[in-house]
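> Build me a structure from this.
(one chain, ligands or ions: 1)
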Amino acid sequence: MKPPATFETARLRLRTPIMDDAEAIFTTYANDAEATRYVSFRTHLSPAEAREYLRHCAAGWAGDGPFTWVILQREDGRLAGAIDIRPQDHRVELGYILGRAYWGRGYMTEVVRAVSDWALAQPAVHRVWAVCDVDNHASARVLEKAGLAREGRLRRWGVHPNVSAIPRDFWCYARVKETP
Ligand SMILES: CC(C)(COP(=O)(O)OP(=O)(O)OC[C@H]1O[C@@H](n2cnc3c(N)ncnc32)[C@H](O)[C@@H]1OP(=O)(O)O)[C@@H](O)C(=O)NCCC(=O)NCCS
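Residues are numbered from 1 along each chain as shown. Modelled structure (predicted):
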């Protein structure tokens with residue numbers, strides 16, 4: 001699967017990341033303890049960590065994923081966050097983050113809808129899914145609003161290293177292709 005390099009939504013533009021995004025990623029969300037509380041990477045302490053992440057993004061695009069886009073406001077081109085998809089057989093997993101300054105405007109719901117609509121329109125894709133910490137209420141709400149259904153509680157599913165080293169319970173959400 002090779003996803004498109006860009007997406008346009010009503011208010012946002014998604015494009016493949018470039019190395020020059022490192023500073024904006026660092027200052028907008030990766031260095032923010034609150035924005036990174038429920039993610040799988042440690043809060044970045046220097047822009048060098050964002051550059052390392054961008055090398056990982058480039059390797060994903062050169063191979064079979066993950067495929068990452070940065071999310072920009074169309075009105076001023078500012079970098080607001082990022083979303084990635086990880087295809088595996090007929091399944092596509094989503095992950096996303098926004099800078100705190102951009103929360104609460106419906107942005108991530110808009111992005112998750114666009115990306116999951118695209119993914120499910122691919123003949124080979126039958127399931128779009130995501131997990132989130134059971135305490136990450138905003139993320140759970142985004143997934144619900146974007147049309148994914150809660151399937152269950154995955155007990156001790158994953159570690160959120162900025163919370164603790166102990167595996168935590170996650171919700172599993174998915175949207176599947178309707179059978180014809
Ligand atoms: C989760 C995140 C992406 C949400 O993005 P967003 O653009 O602010 O989301 P939206 O505005 O589309 O929707 C957020 C919804 O959550 C709700 N919400 C926000 N905080 C909440 C809370 N503490 N408790 C319950 N609901 C909450 C909002 O009210 C809104 O729902 P509504 O439209 O019904 O009122 C953003 O908060 C973020 O980047 N968080 C940090 C990174 C992260 O957790 N990523 C996900 C890892 S699984």
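> Now do the residue nearest the centre of the chain against the ligand, distance only.
Centroid-nearest residue in the chain: residue 96, 1.9 Å away (criterion: Cα atoms, centre = their mean). Distance, residue 96 to the ligand, by Cβ to the nearest ligand atom, to the nearest Å: 5 Å. Where C-beta positions appear, they are placed from N, C-alpha and C, glycine not excepted.
> What is the burial count for the spatially closest residue to that residue that is not a sequence neighbour?
Leaving aside its sequence neighbours, residue 96 sits nearest to residue 83 (Cβ to Cβ, 6 or more residues apart in numbering; 4.1 Å). Neighbourhood size, residue 83 [other Cβ atoms under 10 Å]: 22.
> Run through the bridge partners of residue 83.
Counting by DSSP bridges, residue 83 forms beta bridges with residue 69, residue 96.
> Contacts only, for it.
Residues near residue 83 by Cβ atoms under 8 Å, 6 or more residues apart in numbering: 14, 68, 69, 71, 94, 95, 96, 97, 108, 111, 112, 115.
> Pick out whichever of those sits closest to residue 37.
Nearest to residue 37 among these, counting by Cβ to Cβ, is residue 97 at 10.5 Å.
> Could you double-check that that closest one sits in contact with residue 28?
No. Residue 97 is beyond contact range of residue 28, at 9.3 Å (criterion: Cβ atoms under 8 Å).
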